[in-house]
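Engineer: missing the sequence, but the structure's below:
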């Protein structure tokens, strides 16, 4: 992902600029004829690119993810994996008058939870066997709630005044043994497992942590088993892991770039997992348009700081772009952007079925546009006379994912505060500058409609009371935004985009995974500026399109996607690129 350099938009007023003085006369002409597709917006989805740190993907819970990670540790007779106890000696039947049964040692259940088990014997004469059955029933209560190594025993005692004591031994882990890790610190695995292994040991909570490890990209396989420990109720957990190849990446080509800088781009990303043994990740990407008009870099370093996957991220994204459209080539228009970001994301709820996290970040971004290659020049009101715009944005985000076997919900929100610090752009109202407030929201639902249908519905929204610099505006149009129109066809201070797509599997592999899908879709969206924004907007700000997508994975890792979208709104400024005809393609190989 890359930042959003300053786009070129129409300027309603001549701009003072010297030398050379002839540019003063040229400014209105250039500004009114510049391409309208935000040519210096380098990412396929700039709205989402402004969100700090990626959130979990809203994938449905797969059947195999519900399978137990631990083998069944409870033998058929209901005993638990604790050291063998000597058999009770044969004793003649003895009855006692029971006035009260005290259950000691339980931190999970209350007396009312045990009452249905113990009350039938209160005020009765009971044999020792009947009292042992009460203890076994309490053990079963623990087992039914997932406490697989806890048990209740009828301890040796002198029964006085009819008070019988049953002792609960709640299970715990004596230790965790890690096997198979070569580069990754054992503490990374152990601390995550400990989140689900607090006494009394609960199988469901333990398996949740093991399932999270199984889907961790650091591993290709995770297995675990419980063994009896040295004490009553104690167990030893043995975890065997297979580490994934630390090197990963993607190479590809698509036409998700603005046509004015070259609609077809190629490039890729390469990453290295577990760089220093703590589970950190270093990722670098580069994409270039075939015309040479777009050169976008992105460098990201992430490191987990705690077992809940609280993650710090450092990002740098320098980009250089120039308009290569033949109609504007003589003007030699280019732009450059430098984006630097520090962010932290902390989950507070994290299981295989749901995740809730908060994020905090700070983005430092400088952009500049040039005319005749090296002459700083503003396009639109907001940047200074040299075409520079500077934003310093504090970001506060929230994200939530809820998964179930039939689908998943993903909710995301982010508050953006443009601060007047570190030489941020500062203009008189109502001219856009670096002081602003905006809110971004996202809702996505993934729903299984049957064995062969997967419905994906998503809504993106941005609202603000302020006039925004172009780098902060909401954008619609393009293969990953609103199909049927060129990349970044329209932009505004506020906006929304709604997309509904139904993926229909038409061919599967031997494992039952879809390798060929048809994807009919409908996309629509609208953008609008605040009333006091002095920058003009293009007409026809509501767009809607529909069409058909084709997804094909001929071999593992190779993903091909073709889309054809029919625009329902015929834009006045429609161009002649294949994007304007509604055709989009993407071919990439992941390794």
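Structural biologist: Okay, I see it. These numbers come from a predicted model, not from an experiment. Residues are numbered from 1 along each chain as shown.
Engineer: got the domain ranges for the chain?
Structural biologist: As recorded under automatic domain parsing, the domains making up the chain are 106-169, 284-294+314-590.
Engineer: who wins for proximity to residue 55 among those?
Structural biologist: Closest approach to residue 55 among the domains of the chain is made by domain 284-294+314-590 (4.1 Å; C-beta to C-beta). Backbone N, C-alpha and C define where each C-beta goes, glycine included.
Engineer: what backbone torsions are found at residue 544?
Structural biologist: phi -150, psi 140 (degrees, to the nearest 10).
Engineer: that one pairs with what?
Structural biologist: Residue 544 has the following beta-bridge partners by DSSP bridges: residue 524.
Engineer: how about the helices in the chain?
Structural biologist: 22-33, 46-49, 111-118, 128-144, 186-194, 203-214 (DSSP state H).
Engineer: okay, the ones you listed in a markdown table with mean pLDDT and distance to residue 557 next?
Structural biologist: Listed next are the helices of the chain as a markdown table, based on pLDDT from 0 to 100; distance: least, C-beta to C-beta, whole Å:
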| stretch | mean pLDDT | distance to residue 557 |
| --- | --- | --- |
| helix 22-33 | 44 | 44 |
| helix 46-49 | 86 | 24 |
| helix 111-118 | 94 | 52 |
| helix 128-144 | 95 | 44 |
| helix 186-194 | 98 | 27 |
| helix 203-214 | 96 | 20 |
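Engineer: which one of these lies nearest to residue 359?
Structural biologist: So among the helices of the chain, helix 46-49 is nearest, using C-beta to C-beta, at 13.8 Å.
Engineer: related to what we said a few turns ago, tell me which of the helices of the chain sits nearest to residue 468.
Structural biologist: helix 46-49 (12.4 Å).
Engineer: which helices and strands does the closest one pack with?
Structural biologist: strand 453-463, strand 474-476 (3 or more C-beta pairs under 8 Å, 6 or more residues apart in numbering; DSSP states H and E).
Engineer: can I get the ones you listed in TSV with distance to residue 483?
Structural biologist: Converted to TSV, those look like this (distance: least, C-beta to C-beta, whole Å):
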stretch	distance to residue 483
strand 453-463	13
strand 474-476	10
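Engineer: looking at these, which is buried most?
Structural biologist: Highest mean neighbour count of the helices and strands packed on helix 46-49: strand 474-476, a mean of 27 (counted as mean count of other C-beta atoms under 10 Å).
Engineer: in its sheet, what does that one sit against?
Structural biologist: Take DSSP bridges as the rule and strand 474-476 pairs in its sheet with strand 490-492 (antiparallel).
Engineer: which residues does the strand it pairs with contact?
Structural biologist: The contact list for strand 490-492 (C-beta atoms under 8 Å, 6 or more residues apart in numbering) reads 7, 9, 38, 470, 473-477, 525, 527-529, 537-538, 540-541, 543.
Engineer: buried ones among these?
Structural biologist: 7, 9, 38, 470, 473-477, 525, 527-529, 537-538, 541, 543 (16 or more other C-beta atoms under 10 Å).
Engineer: pull the contacting residues for residue 182.
Structural biologist: Applying C-beta under 8 Å, 6+ apart, we find residue 182 in contact with residue 243.
Engineer: where's it relative to residue 223, distance?
Structural biologist: Separation of residue 182 from residue 223 (C-beta to C-beta, to the nearest Å): 16 Å.
Engineer: before we move on, the earlier item: can you redo the helices of the chain as CSV with distance to residue 464 and mean neighbour count?
Structural biologist: Output for the helices of the chain, formatted as CSV (distance: least, C-beta to C-beta, whole Å; neighbours: other C-beta atoms under 10 Å):
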stretch, distance to residue 464, mean neighbour count
helix 22-33, 24, 15
helix 46-49, 13, 20
helix 111-118, 53, 14
helix 128-144, 53, 18
helix 186-194, 39, 18
helix 203-214, 37, 20
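Engineer: now distance to residue 345 too, for those helices, in a markdown table please.
Structural biologist: Formatted as a markdown table, the helices of the chain follow (distance: least, C-beta to C-beta, whole Å):
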| stretch | distance to residue 345 |
| --- | --- |
| helix 22-33 | 40 |
| helix 46-49 | 15 |
| helix 111-118 | 38 |
| helix 128-144 | 36 |
| helix 186-194 | 16 |
| helix 203-214 | 16 |
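Engineer: next, count neighbours for the nearest residue to residue 484 once chain neighbours are set aside.
Structural biologist: In this structure, residue 484 finds its nearest non-sequential neighbour in residue 545, 2.5 Å apart by C-beta to C-beta, 6 or more residues apart in numbering. Using other C-beta atoms under 10 Å, the number of residues around residue 545 comes to 22.
Engineer: quick one on the thing from earlier: possible to save the helices and strands packed on helix 46-49 as CSV with distance to residue 344 and mean pLDDT?
Structural biologist: Formatted as CSV, these follow (distance: least, C-beta to C-beta, whole Å; pLDDT from 0 to 100):
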stretch, distance to residue 344, mean pLDDT
strand 453-463, 23, 97
strand 474-476, 25, 97
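Engineer: which one of those lies closest to residue 553?
Structural biologist: Among these, strand 453-463 sits nearest to residue 553 (C-beta to C-beta), with 14.4 Å.
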